[in-house]
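Q: here you go, sequence then predicted model.
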Amino acid sequence: MQILQLLLSGIAQGCIYGLIALGFVLIYKATETVSFAQGDLMMLGAFGAFAGMSLIGLPFWLAAVLAVVAMAAFGVLLELVVIRPILGQPQFSIVMLTIGIAYVARGLITMVPGIGTDTHTLPVPYKDQIWKLGGLVVNLEQLAIIVATAILCALLFAMFRYSKLGIAMQASSQNQLAAYYMGIPVKRLNGLVWGLAAAVAAIAGMLLAPITFVHANMGFIGLKAFPAAVVGGFGSLPGAIVGGLVIGIVESFAGFYLPDGFKDTAPYIVVLLMLMIKPNGLFGEKLRKKV
Amino acid sequence: MRFIFKTSYDQDIRLARHGGHVFWYGLLAAFLLVAPWVIDEYWLAQLTFVLIYGIVGLGLMLLAGFTGQFSIGHAAFLGAGAYTQGVLTNLGVPFPLALLAAAALSAGVGVVVALPALRVKGIYLGIATLSFGFIVEEVFARWESVTGGNAGLHVKSPQLFGWSLGSGNGFYFLCLVVAVLSTLGILNLLRSPTGRAFVAIRDSEISAQSMGIHLARYKTMSFAISAALAGLGGALYAHKLSFISPDQFNILQSIDLLLMVVIGGLGSVHGAFLGAIFLIAMPQLISMGKDWLPAVVGQAPGLQGLVYGMVLIAFVLFEPLGLYGRWLKIRTWLQLFPFYRRGLFKRQKSFTKSDRLR
């Protein structure tokens, strides 16, 4: 029973890592750059939902949808204004740029008087409800995370499989130049991918908020999603979720069975081992450059 | 306008290209030598910090700017040096020995990091070093019998030949000597075959390899030298603050160091020191600017992060060569005065390089 309990909380936490890693992977596949701002986009999404629910007083669903839409628009805008001008520069410049964006997002939120420096609770309807299944205690917040992640994954899968937009995204992620020649508007797609990543981050933020509260530094959890992305194989969407689950479960078990301090370092030990043994990750693509 | 006609190979690698260099660097050296008597104690302390960060920046510059290996966990090396120095000094080991040990231990840690790093590059390398930084930070916090854990560690003031170097002037000169020696060391390294191998690896690993450069050996060497310099800087940092704790060597410090070399100008030795000046001067400038801003903005706690982020974004977008690049442009403008062309430093875009295709 103990093990099942640990597994459940590990899966719930892993879903959050997986969702953030999904953002990394979407952006990496489309533009071959990594966004260090993903965690902070998540924070912005959570604050957006908080503003909608507590400050304006909108009902839960409306506020959630509005927050996701607003973050998607923000992601598109971000790509247009900041990322696009330096497309084609070395990858590292874009990494530094996203670190800059993360700083700005954190700074801006902290500057909002009276709100930015405090921690807040997100008033979700399923707060603090518990189900008992046999000996297993199921927290409804954790269940919401798992269910929402599953639905989101199914939606994304359907989009990439059946919609024109998703197929175009796949094409441009495999070879931008070839996709461009086939009449796919690659630049506009890149903007949409950033929007999609921001929307996924916003959803992750709202799911995480009932567990850890809403505060300006909640974006640092994004740093733990890097191991998730690497373990799954950077550039594989199912890999991101699987990697997230692996990291979440490892962390949950390390926190219980190993001495203090291993809980926070376990994901990083796992990722170092992964990089040493199989740098391409569990679901990594095997591409070779022919000279 | 100045023309330098090179007639021998020695001229090509000379440290001081012409009389102007000798004059201006001589002036800088003279200022640094008399600085303790010219500027007051507070600014001297800031100058000491600039020197310390400059030493660390040199190391990171060698790794990131010249070898093309980005480390997002450099604070781990800084911390390794600082803790080695702190622990050894408190045990009564003579100062020069402790300093050497700090550099050596950090270099060893650098080699350990380089081993997994040899297999990966690009963003994977960033994540590997990031992970390493987290693990080392946790080690500092948990290994309480040696590091004192989260409570921190007090470091005694250094003694050299019975002389106490804890005070402002003595310690300043110590940092100056270490900084000058490491700068000369790096400059000499860069004009040697090893340095050219590093630059070749940065520009293209494949062509470097095909020219007979042993990638693994040179990458490891680069990590080791970089970590040793970071360790030296960390050792001096520990003495300057005389108190170290794990949260001084966390991810934010690593990102600050990275920010320092990027804003200073990647791929230039000047950039390391310009970046250090920027990193030290920025909080001062922000706190000075606070009084001019309305209270709602000026007193907000997030101001510093906001300004850092915006400056970083502005540099990456508009001046990717950093402060040193800006100076290069000004200098070129002065040299070519009536003939400066607008597009002289235009960047070229490259869409052909793909990190996924390895």
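A: Arrived safely. Numbering: from 1, shown residues only, chains lettered A, B, ... in the order given.

Q: can we go C-alpha only for contacts and neighbour counts from here?
A: Will do.

Q: biggest helix in chain A, by residue count?
A: Assignment by DSSP state H gives helix A:2-31 as the longest helix of chain A.

Q: contacts for the helix or strand just after that one?
A: Next helix or strand after helix A:2-31 toward the C-terminus (DSSP states H and E): helix A:38-50. For helix A:38-50, contacts defined as CA atoms under 8 Å, 6 or more residues apart in numbering or on different chains pick out A:20, A:23-24, A:63-64, A:66-68, A:71, A:102, A:105-106, A:109, A:121-123, A:197-198, A:201-206, A:209, A:214-223.

Q: next, see if the next helix or strand after helix A:38-50 gets close to chain B.
A: With elements assigned by DSSP H and E, the helix or strand that comes after helix A:38-50 is helix A:60-78. No: residues of helix A:60-78 contacting chain B under CA under 8 Å from any CA of the partner chain: none, with a closest distance of 12.0 Å.

Q: keeping just the C-alphas, turn helix A:60-78 into PDB.
A: Extracted C-alpha coordinates of helix A:60-78, given in PDB (Å, rounded to 0.1, in the frame of the first residue of the first chain):
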ATOM      1  CA  PHE A  60     -13.200  28.600 -12.200                       C
ATOM      2  CA  TRP A  61     -13.700  27.300 -15.700                       C
ATOM      3  CA  LEU A  62     -14.000  30.700 -17.300                       C
ATOM      4  CA  ALA A  63     -10.900  31.900 -15.500                       C
ATOM      5  CA  ALA A  64      -8.900  28.800 -16.400                       C
ATOM      6  CA  VAL A  65      -9.800  29.000 -20.100                       C
ATOM      7  CA  LEU A  66      -9.100  32.800 -20.200                       C
ATOM      8  CA  ALA A  67      -5.700  32.200 -18.600                       C
ATOM      9  CA  VAL A  68      -4.700  29.600 -21.100                       C
ATOM     10  CA  VAL A  69      -5.900  31.700 -24.000                       C
ATOM     11  CA  ALA A  70      -4.100  34.700 -22.700                       C
ATOM     12  CA  MET A  71      -0.800  32.800 -22.200                       C
ATOM     13  CA  ALA A  72      -1.100  31.300 -25.700                       C
ATOM     14  CA  ALA A  73      -1.400  34.800 -27.100                       C
ATOM     15  CA  PHE A  74       1.500  35.900 -24.900                       C
ATOM     16  CA  GLY A  75       3.600  33.000 -26.200                       C
ATOM     17  CA  VAL A  76       2.900  34.000 -29.800                       C
ATOM     18  CA  LEU A  77       3.800  37.600 -29.000                       C
ATOM     19  CA  LEU A  78       7.000  36.600 -27.300                       C
END
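
Q: helix/strand/coil for the residue most central in space within chain B?
A: By CA atoms, centre = their mean, the mean C-alpha position of chain B lies nearest to B:Gly57, the distance being 0.3 Å. Following DSSP: H, G, I helix; E, B strand; the rest coil, we place B:Gly57 in the helix state.

Q: ok, A:Asp137 - how many residues close by?
A: Quick fix: residue A:137 is Val, not Asp. Look at A:Val137: counted by other CA atoms under 10 Å in any protein chain shown, it has 14 neighbours.

Q: let me redo that: B:Thr67
A: Applying other CA under 10 Å, we find 25 residues neighbouring B:Thr67.

Q: gap between it and B:Leu118?
A: Distance, B:Thr67 to B:Leu118, using CA to CA, to the nearest Å: 13 Å.

Q: which residues do those two both contact?
A: Common neighbours of B:Thr67 and B:Leu118, counting by CA under 8 Å, 6+ apart, are B:Lys219.

Q: residues of the stretch 101-250 of chain B that sit close to chain A?
A: B:116, B:119-120, B:122-124, B:127-128, B:131-132, B:134-135, B:138, B:142.

Q: hmm, which two among those residues are most spread apart?
A: Spatially, the most separated pair among those is B:Gly122 and B:Arg142, at 30.8 Å (CA to CA).
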